[in-house]
Each structure stands twice: as C-alpha cells, then as structure tokens.
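S.K.: sequence and computational prediction follow.
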Amino acid sequence: MLTLNCPCCGIAVDATELSPGGQAHLKRFGPGSSEDEFEGYLFMRENPRGVHFERWRHSNGCGKWFHVARCTATLEVFGTYSAQTTEPPEELRKVISEKRPGWSWGEFA
Amino acid sequence: MSTRLASGGRLVNRDHAVQFSFNGQQMRGFEGDTLASALLASDQMLVGRSFKYHRPRGIVASGAEEPNGLVNLGASDMLEPNARVTTTELFDGLKAGSQNHWPSLEFDVGAVNAKLSRFLPAGFYYKMFIHPRPLWKHVYEPIIRQSAGLGKAPKDCDAERYEHFYAHVDLLIIGGGIAGLTAAKAAIGSGLRVLIVEQTAAWGGRAVVDGAQIDGMDADAWVTQTVAELDAAENIELRTRLMGAGVYDHGYVLGYERIGDHRPGEGLPKHRLWRIRVGHILTATGAIERPLSFAGNDVPGVMLAAAVRDYAVNFGVSAGDRTVVVTNNDDAYRTALVIKEAGLDVPAIIDARDGGAGALGAQAEAAGIRVLKGKGIAQVKGGKRVTGVATCAMAGEGTPQEEIACDVVAMSGGWSPVVHLWSHCGGKLLWDEAHSFFKPDPDRAPTGAKGAAFVSVTGSANGAMALDDVLADAAAQGAAAVKAAGGKAAKVAVKAETEEAAPMAPVWMMPQGAKYELRAKMWLDYQNDVKVSDVQLAAQEGFESVEHTKRYTTLGMATDQGKLSNINGLAILSDALNQPIPQTGTTTFRPPYTPISMGAIAGEARDEIFQPLRKTPMHGWHDANGAYWEPVGHWRRTYCYQQAGESVEDAVAREVNNTREKLGLLDASTLGKLIVKGPDAGKFVDMMYTNMMSTLKVGKCRYGLMCSENGFLMDDGVVARLSDDTFLCHTTSGGADHIHAHMEEWLQTEWWDWKVWVVNATEQFAQIAVVGPKARKVLQKLGGMDVSRDALPFMGWVDGEIAGIPARAFRISFSGELSYEIAVPASYGLAFWEMLMEAGAEFGVMPYGTEALHIMRAEKGFIMIGDETDGTVIPQDLGLNWAISKKKEDFIGKRGQERTHMTDPDRWKLVGLRTVDGSVLPDGAYAVGKGKNANEQRNMIGRVTSTYHSPTLGRGIAMGLVHNGPDRMGERVEFPKIDGTSIWAEICDPVFFDRDGEKQDV
C-alpha cells in the first residue's frame, strides 16, 4: 500500500486516503481533432516498467489532485508536484536523471 | 502410544489441569498446552482424514506448518472451522471436533478412495468429468462437493468481537527467537520506536528446545534475561501471540494477534488485526523442517523430528514409546538424544548419508543408539498408527532389508528458511547448495519509497543454521536494520559455541531409485493428498512450469500453502525435468503467512457500523410512518409507506393514485446540490453539460445532461441560475459525490486558470416535492409566498418564505403533475414536512416513496440514470437530441459522440413498450429477432430498461432500447421469459401519460 506526499497538505498520505487518476500530462483533444488524436487522448496510455508519471487525488483529505513521479518496478517515489502544470518540473527531472540515467517517458526525458 | 511423561515440559503448568473434549470425548491437559500436545498426551494421534483419499492422518508438526491437525472449534455462533491444533492454546472447556470424515473419524467410507488411488491421479477430475458437459453441473459437481472440502462453514452469525489496531514504528522485528531478540538488542537506546512480535505465546523459538548455551548460560535463562532487558528499554515494545501476516508496499505490515482465543468468556476481542506502518522490517522468522519422501510417510505416527522434540521438551509429551529417527542431517540426532534421555526407546537412527553425523553422531552412539548409515525407509508399516518400518539401502530401488518395530517415525529432510515475509513484496531468493534451500538474496531486496531495501532478514530465516552463525548474523543484521531505520545501533556481542556437524545431504526421495509402488505412497502435500507420483505425472504430461504443476496437482494449494511440501515438490519436479532446482524456481509467496480469520479482516465494520448511513432530516418521521426502506448509495430512502395490512405493491399503487388525483409529498433531500460560482461559472457549466447553460436566465431552471469525455451519459438534473455568476446544479441522489469530484477534476487539472468554485451543498438543504393537483392549494394555505402560475411559472424558481420558513421553490416536475420542489435549510426540514402533512390533510395528502416516483416518471417517459443508461448509452440513443447544444463549440463528450460507432444509424434506441396482454415485462428482458448467431442463440434486437405496472393506466408499461426502435412504431416484438414462454409487446412512444404536458403546466 503506497504512501505519497500530498503537495497541498505537505504530509505523507496513506493509499487509503488517495484515489488513483491514471496517467499524467495528457493533452486534451476535443471537437475538430482527428480520429487518431482523439484515440490517443482517450485510450492510449504509457505502461512502463520504470519511470512513470501519474495523477492522484487526496480524495479523503484536502480533495486536491497532484502529480506523482515514481518507478513502477521498484516503487521508488521520485517526487510529487502540483497538478496545475503540463510537464514535470525541471528539478524533478534532474533528480530522476540522477537515479535513472537515460530515462524517457512520452515526450519527456 | 503417545502419553504424558512423568516430568518435564517447560511450557506447561502441571499444577493446573484443564478439561477439554475431542469428538465428544472428555480429555485432560495442562495450562500451557497446545491442543496438539494435549491430544497427544491423551493418546489421540489420529486427528483427521485426508482431503482426497480420506486416509487417516495424525499430527505431523508442532507449529504453524501443521498440515493435518485441522479441527472445528466450538459450536453454533462460536464455531471456527479449520483451527490448527498446533497453534490453538488449550483452555478449560475447549470443544474440538475432527473434520472431513463420514460417518466417523475411526471409520470413514470415503477411505475407499484410497483403494482407488491408482485411478485418481493428478488431473483426474479434469480428465474424467469434462464430458458430457451438462453432467458436471448437475451430477458430478454436487457429488464431489459433498465429499470434498475441509471443515464446514459456520451457519450462524459470528458472536465473537474483532478489532483493528493502527501502529506506526520505525523498526519492526518479526520473530522472537534468539535471532530476533539478539537483533533487537541493537535497538536499545537507539531513539527508534521499535516493535518486536512473536507469533507464539513464548519467546525463544527453537534454541531453547535444542538446549543451546548462550553467553555461558542455558538458552532459557538467556532468553528470560534478554526479554527483561528489552522490556526495560523505553523505546521497545514486545508482543507475543502476534504474527507478522503480510508485508505490503512502502512498509505496510499486517499483524494478526490472538487475544481472546485462549481466554473465552472474558469479553475480549477474539483477534486483532494490526495495521502497521514501518520504516524498516527485520524478519527473524526461523526455518521449517522438511519431511522426507518415503512410502507411507503419512501414516499417523510419522512426524517431523523437531516436532517430536518440541512435544517432549516443551510439553513433557512423548509421541510414542519406540521412535525411529530417519534423517539426512545432524539436527534430527538431537531428537534421538532427547527421547533417549526421557527414558524412551530409540531402536535406530536411519541416516541417509553414508558418513553419518558429526559430533551429535558420536553422542548418539555413546548413548547406545544404533545408527544405520546410507540407509533409508522402504516402507512404513501400519494403518491408523505406525507399527514399524522396513529399511532399505538408500542407493537401491527399495528392497526391504530389515523390519524395525516402532510407533513413531521422526523424520528430517533438512530445513527451509521461512522467507515468506521477505518475498511478499518482491524479495528474491538464492539457492544454497550446501543446505539445499532457498534463502533471501540480499542484493535483490524489496524496495520502498526511497528506493532502498525496507526488509532485511536474519537468523535461520536468512540461511544461518548453526548457533554461532545465527547469533553473529543477528548482531550484524540488527545493527544494519537500526541504521536503515535511521537510528544509532548499540554494540551487541552474544557468544555461543556450536558443535562440529557433518554436511546434510539432499534427499528428495527415499530410496533414490524407488519403484512406482513406493512412489505412489510417498506424500508430498498431506493436506491436498499430492504424492511424488502425481508431480512426476504432471511433468510427464507437460506441466513443466512450477506454477502449472502446482495448479494441476494442487500441490501447496491447501490452507498450509505448502509450508512442508513446496521444496520437496519442486525438487521432484526438477528431477523429472532433469534440471537444477533454482531453474525450476518457486511458486509465489503471497500473504497472509497463515490463514487469518475473516472476522479480523472485517474488524469492527459489521452490522450497523459496516458503513456510515446517511439520513435525511425527515428520516425519523419516515421510519415512524411505515417506511419500507431501500438503499440508495449510502442513503436510505423510503421505497413506499406501508399502511396496516397493506402489501408493498398495494402501497405503491395507492401512492401513485393519490399523487395523480390529490396530493403527494416526496422527500427529495438526497438529490445532489452543487453550487457552481465565479466569473467563469457560465463557461464552466457549458463545458459540463451538453446543453447551453450560460444563456439560462436568473430565476429559471433547465434540465441538463452530463456526459463523460467518451460521450456516454453519466448524470442528469435540473440546473437553476441563482445569480449572474451562480448556478445550482441538481444531480442524481447517488451521483452527488462523483459529479462533484468530476467537476473538481476538470477545474483542478485542465482549466485551473478558470475562476470557478464548486461546493457540495447537498446536506445543507432538505428538499420536499409537493406534487399533485392540490399542490398549489396547500402552499397557498401555508402562505408567505406567491406560488401562482404567473408569479412562479413552470421551470421557474423563487426565494422567499413559506409559513415563516426560509424556502426556495422550484416549479419542476418529475411526475408530470403540478409540482413544487421546495428546499429549506436542513434544520427546518422536519418542521416543514410536518406542516405540509398537517395543512395537506384536508386535501388528502399522503407521502410517497421512490417506487411511486419511478412509476410516475416512467408513465411520463422520463429517463432514469442507471436504468436507461448503463455507461454505454449516449443521449442520442434516448432521443434527447433536444438537450444537446448544436451551437456550442465544445463540451465534455461532444468529440466522443462524433465517433463513428456513436453516429452509427444501427444503434439501439429508446422506445416505449406496451405489452399486448397488459402484463408486466420482466426486468432486463431481451427482445429477440429473426435468425441465430454463431453460438446458435437467437439474435437479440433490444432489451427492457424500465418496467412497471402502471396504476394510472392499469397495465404493464416499459421502456427499452430497441434496434432502430423509433422507426418501428407499432411493430410487435417478442421477449422470451425464463420459463420458456414469451411476452409480446408493441413498440410505442415512451410517453404513456399526458403527452402534451398539460397537467404539469397549470
């Protein structure tokens, strides 16, 4: 059972207080988008063994969404950060690079 | 026979006798006994029948690994099936009964299976009962079920109490043997919060039984001194009877504590489930002795060598008068010496090794015990009890050489570290050639949130078998664990000497070249009746993966999860596949370590407090007025109000008729009420709803649809514009929380720059629907608000006061009648309801429930989320195109509804269904069309989504989704029923009543 730090509350939170929200940093495609774009947005997901970016909500707590960078193989958590961003913070990417040199995920590396 | 020795037994109190019964027979034990030791003391070796062949089975082990000794404990509402005799502490008045036999333990008709065992090999059920298919369900399975199964599920509600307990520690040490205790010493004064747990009632583990000398004193004395030392340390807590059951991600551990098990009637919880968050876990869980595979190794009286020793030393119980020891290692010699010292006979030690043992071998010979080297057991003699063994050369195929009379065979096939807790979270294993066992690979530990190992292992669980190795490893691992948990370790030096020992020899089958007749009597898994020959057959039939062999033969799948059988089984499999054991690998270790009670898992969450119940302000009134309840989410809503002598159906019909003809009141407080406010509120509700909401005028209401991003309808409700920047969004009763979450998700993660707040105000208001031709009259009588058609027209709302109570009245109707939904502050809810009941008396007011609500909405053709929708239905399927804006560039679900499958003209669409004979269609019935599909089933062309008897129309009405439905008006379609007959219904408009809406707009 995972423990993640809620960036809003600033505390370590047990998985029982959290709801998972799937992959982070999806770009929304609405009316006017092509079938491929919409399919990619709605259905296609990363499924890495290693570095992954996810959305979680502190649903039985402050109610705020946040992002998590973690390793799906070792369960190491590299960091959590605000949901109000379209990309992982530069500093966090550096931390990940130190621990997992050469990592890449979607458009990020 | 097994009996109580005249003296000895370090754990029993001979001054305090305890009465108990087994299969109705009164027996006597001592305080401190386990049920197993007390049974043995009463010469009750036979404790059960095996699962498949119903062979007589006796006690094999002395701990959690026991496969045979499973009994029913207690009776009726205190019945506990599958209690393990070796871990059940004896108490006065304990009642136990054996399982899996008929008619009696001594005589069992199912034992005929054993005679047929040649015809019941691995996979027999799969092969035999597959054809003809229908016979499985109706003939084979009921018969097999009757004669299979361990224990019987209790029929009564459990009268025991259970609880959960939360703990947070820096370091958790699991296992209270000398390794765990030594390691814990490193944590004294470390500043860490430390918890050390032991699954049995006593500290010390095996070392005290084996007569070890530690720091120059008896192990018993050393343990007492060390426990006192740890207990005195402020930062360390010690707990017995608390088992580490499972290790989970990021340092989460489940512990299982037995509190009231051995103290019934004291009002204590039976079990307590510990939910522990830890910084670091050190497991010191010891090792389990392995059986040897020789013919007849399941005859009662064949036991693990260490267990025989345990019963003698811990409980002063002899398993029998003449004990033959059979072994492939030195450790079992200790059993021979203990038994001999107790004054009992040890006719022989049969050692599979040509060279015999080291120092212990010399001691045995000095004690006058005959040692046969390079020998094995060809066959155990006896049925319900061992009467002797035939020896043979280890190297041969089992030609008997000599018969030795005995009533106990103490076997040892070596030891396996208990690596379960290490493995639960992904810790990997190494094969140790010298000891022939798997042990933890420290380089591949389970890792936690920081990326570092959060589990480490010490003592024999870590593969250290000799006394001095165990203590040195414990001191080192203890210090490392304290460091890993963030503390400063104290120096620990514990000294002991170990006698010189000869290496063990891997022996997976005895004798090495045993012929089939012998192999078919060598048990690997006692609980599931799996033999050496079964595993060999599985390999021969191509089940080469250990996971496949496990499932095909059921090896290790019983309640003991293969604690005794797994290594032996996979060694046999490896041999059959001609590959080394590590290449075969192990099956997956999963929590819990031993079965834990369902009660402990549930904890306090049962009956009324199973989950929180949400009640409206009028809940008590409903309850006092005949409410027949139905659960709606966490709410309880009134299905109908039953009057004296009235059936549920009659009550519903009366409520519908009364509302249509006079006046009805509905408690609609459970409807979700979300307030959406801010400069961008209009823009936001336009995205949330399919309709154009931003054009709604203040003072007006509009019915809206909400879809998910893939276009499917997820919720509906009336939206009222409270002010320029404020919308009140009503959701379905069950939908308030998830629609609130849905809105929050979009606001927080997509449009975080939009200035909008959403508040869930559902419970702040009581909402009452005042419905029926007399609705206006009763409100006018209460007075205070102009509710005339001009002041408050259909789909309008006003704020004000009614009878002095602050109220907001919405002219909306879900019934087709003249209807006001009136929201008042929750604290006024009951008072307002009672006023309406009183004032409405002269107009014939009656409350109505959710079923009347459902019927009236169906008569009007209104959809219900969850009936007409199921997560695959788009608004267009329901003929709701009028509620989908064509002007808006975007809303959630718009792009999804443009996908080809959604715009396919061949979709199933909503229609009304009028049964030809006026009867009621079954819920969820399917309509069939012409032809059959590939599976020879009739093609389906639609299904019923809502179906009721309409009291208004006096006939069955339904709504359904039908292929091209709206183009097939007047067509009759067939709905087959379960009984083989069919109902025919005519496709019609879904609005059955008051098509033009004249009644609601008056």
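M.R.: It's in.

S.K.: and the biggest helix by length in chain B, what's buried?
M.R.: The residue-count maximum for a helix in chain B (DSSP state H) belongs to helix B:467-484. When neighbours are counted by 16 or more other Cβ atoms under 10 Å in any protein chain shown, the buried residues of helix B:467-484 are found to be B:467, B:469-482, B:484. Placement of C-beta: from N, CA and C, glycine included.

S.K.: chain A: which of these is nearest?
M.R.: Chain A has its nearest neighbour among those in residue B:484, at 15.2 Å by Cβ to the nearest Cβ.

S.K.: with just CA atoms, put the longest helix of chain B into CSV.
M.R.: As requested, C-alpha coordinates have been extracted for helix B:467-484 and formatted as CSV (Å, rounded to 0.1, in the frame of the first residue of the first chain):
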residue,chain,number,x,y,z
LEU,B,467,24.0,-21.5,16.6
ASP,B,468,27.1,-19.3,16.4
ASP,B,469,26.2,-18.2,12.8
VAL,B,470,22.7,-17.3,13.9
LEU,B,471,23.9,-15.0,16.7
ALA,B,472,26.6,-13.4,14.6
ASP,B,473,24.2,-12.8,11.8
ALA,B,474,21.6,-11.4,14.2
ALA,B,475,24.0,-8.9,15.7
ALA,B,476,25.1,-7.7,12.3
GLN,B,477,21.6,-7.6,10.8
GLY,B,478,20.2,-5.9,13.9
ALA,B,479,22.8,-3.1,13.7
ALA,B,480,22.2,-2.7,9.9
ALA,B,481,18.4,-2.6,10.5
VAL,B,482,18.7,0.1,13.2
LYS,B,483,20.8,2.1,10.8
ALA,B,484,18.4,1.6,7.9
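
S.K.: that helix packs against which elements?
M.R.: strand B:162-174, helix B:178-185, strand B:271-283, strand B:455-457 (3 or more Cβ pairs under 8 Å, 6 or more residues apart in numbering or on different chains; DSSP states H and E).

S.K.: between the ones you listed, which one is closest to residue A:92.
M.R.: Distances from residue A:92 to each of the helices and strands packed on helix B:467-484 were compared using Cβ to Cβ; the shortest belongs to strand B:271-283, at 23.8 Å.

S.K.: between the longest helix of chain B and strand B:271-283, how big is the angle?
M.R.: Helix B:467-484 and strand B:271-283 are oriented at 100 degrees to each other (axes from the mean of the first three to the mean of the last three Cα atoms, to 10 degrees).

S.K.: what residues sit buried inside stretch B:235-244?
M.R.: When burial is assessed from 16+ other Cβ under 10 Å, stretch B:235-244 yields the following buried residues: B:235-236, B:238, B:240-244.

S.K.: for that stretch, the distance to its chain's centre please.
M.R.: For stretch B:235-244, the distance between its averaged C-alpha position and the chain's averaged C-alpha position is 25 Å (Cα atoms, centre = their mean, to the nearest Å).

S.K.: ditto for stretch B:609-629
M.R.: 30 Å.

S.K.: how about it: buried residues?
M.R.: When burial is assessed from 16+ other Cβ under 10 Å, stretch B:609-629 yields the following buried residues: B:614-619, B:621-622, B:626-629.

S.K.: check stretch B:20-30 too.
M.R.: Residues of stretch B:20-30 classed as buried: B:20, B:22-23, B:27, B:29-30 (neighbour count, 16+ other Cβ under 10 Å).

S.K.: backbone phi and psi for residue B:983, please?
M.R.: Main-chain dihedrals, residue B:983, degrees, to the nearest 10: phi -110, psi 140.

S.K.: is the spatially closest residue to it that is not a sequence neighbour within a helix or a strand, and which one?
M.R.: By the measure of Cβ to Cβ, 6 or more residues apart in numbering or on different chains, the closest residue to residue B:983 outside its immediate chain neighbours is residue B:975, 4.8 Å from it. When elements are assigned from DSSP states H and E, residue B:975 belongs to strand B:972-976.

S.K.: same check, this time on residue B:439
M.R.: Per DSSP H and E, residue B:439 falls inside strand B:437-440.

S.K.: number of nearby residues for the single nearest residue of the stretch 501-650 of chain B relative to chain A?
M.R.: For the stretch 501-650 of chain B, the residue closest to chain A is residue B:591, as judged by Cβ to the nearest Cβ, at 11.7 Å. Under the neighbour criterion other Cβ atoms under 10 Å in any protein chain shown, residue B:591 is assigned a count of 17.

S.K.: and residue B:943, that one's in a strand?
M.R.: Yes: Residue B:943: assigned to a strand according to DSSP: H, G, I helix; E, B strand; the rest coil.

S.K.: tell me the contacts of the closest residue to it other than its chain neighbours?
M.R.: Of all residues beyond its chain neighbours, the one nearest residue B:943 is residue B:926 (4.9 Å), with distances taken as Cβ to Cβ, 6+ apart. If a contact means Cβ atoms under 8 Å, 6 or more residues apart in numbering or on different chains, then residue B:926 has B:940, B:942-944, B:975-976 as its contacts.

S.K.: please apply the same query to residue A:15.
M.R.: Each residue near residue A:15 by Cβ under 8 Å, 6+ apart is listed here: A:1-4.

S.K.: same check on residue B:526?
M.R.: Applying Cβ under 8 Å, 6+ apart, one finds that residue B:526 lies in contact with B:50, B:57, B:60, B:67-68, B:298, B:564-565.

S.K.: and those residues near chain A, which?
M.R.: Among those, proximity to chain A is found for none (Cβ under 8 Å from any Cβ of the partner chain).

S.K.: make JSON lines out of the residues you listed and add neighbour count, secondary structure and distance to residue B:5.
M.R.: Converted to JSON lines, those look like this (neighbours: other Cβ atoms under 10 Å in any protein chain shown; DSSP: H, G, I helix; E, B strand; the rest coil; distance: Cβ to Cβ, whole Å):
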{"residue": "B:50", "neighbour count": "26", "secondary structure": "coil", "distance to residue B:5": "30"}
{"residue": "B:57", "neighbour count": "29", "secondary structure": "strand", "distance to residue B:5": "24"}
{"residue": "B:60", "neighbour count": "27", "secondary structure": "coil", "distance to residue B:5": "20"}
{"residue": "B:67", "neighbour count": "28", "secondary structure": "coil", "distance to residue B:5": "26"}
{"residue": "B:68", "neighbour count": "24", "secondary structure": "coil", "distance to residue B:5": "23"}
{"residue": "B:298", "neighbour count": "25", "secondary structure": "coil", "distance to residue B:5": "26"}
{"residue": "B:564", "neighbour count": "27", "secondary structure": "coil", "distance to residue B:5": "26"}
{"residue": "B:565", "neighbour count": "28", "secondary structure": "coil", "distance to residue B:5": "31"}
